[in-house]
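Undergrad: coordinates only, sequence not included:
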């Protein structure tokens, strides 16, 4: 319940126009405040994935679904308080959320999205992947 209150407050601050929904630009700016630097195209894709009413913006309920995916289901369970996922963790996380890549494609994708080139994907790297 506490997480929901915090997320509601956060969403309210991001929704600067108080429309009840946020745009990709607003979401990108909010991510940047948390040191998550995504290209606008990735943020737009996130919104498309969770824009259940297909209006081009993200309501609070849609944001909750995105947050659950990003934090709970995919990353947090495997990062073990390290702040990153190792390659094996990334493979497990992708399988957990329903993606299956052959070995060459998986390693090529990891290499492509590993911004620091250290074999560790931070949250923003993982989400971009």
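TA: All right, it came through fine. In this text the structure is predicted, and so the values were computed from the model without any measurement.

Undergrad: Show me where the chain has its strands.
TA: Remark: strands assigned in the chain by DSSP state E are 21-22, 58-59, 85-86, 120-121.

Undergrad: nearest to residue 108, of those?
TA: Checking the strands of the chain against residue 108 by C-beta to C-beta gives strand 120-121 as the closest, at 13.8 Å. C-beta coordinates here come from the backbone N, C-alpha and C atoms, glycine included.

Undergrad: circling back to that earlier point, which one of the strands of the chain lies closest to residue 110?
TA: Of all the strands of the chain, strand 120-121 comes closest under C-beta to C-beta, at 6.9 Å.

Undergrad: same for that closest one, what does it pack against?
TA: strand 85-86 (3 or more C-beta pairs under 8 Å, 6 or more residues apart in numbering; DSSP states H and E).

Undergrad: for the strand it packs on, the distance to its chain's centre please.
TA: Centre-to-centre, strand 85-86 and its host chain are 15 Å apart (C-alpha atoms, centre = their mean, to the nearest Å).

Undergrad: same question, stretch 94-113
TA: Distance of stretch 94-113 from the chain centroid (C-alpha atoms, centre = their mean) equals 16 Å.

Undergrad: do the same with stretch 37-53
TA: Per C-alpha atoms, centre = their mean, the centroid offset for stretch 37-53 relative to its chain is 9 Å.
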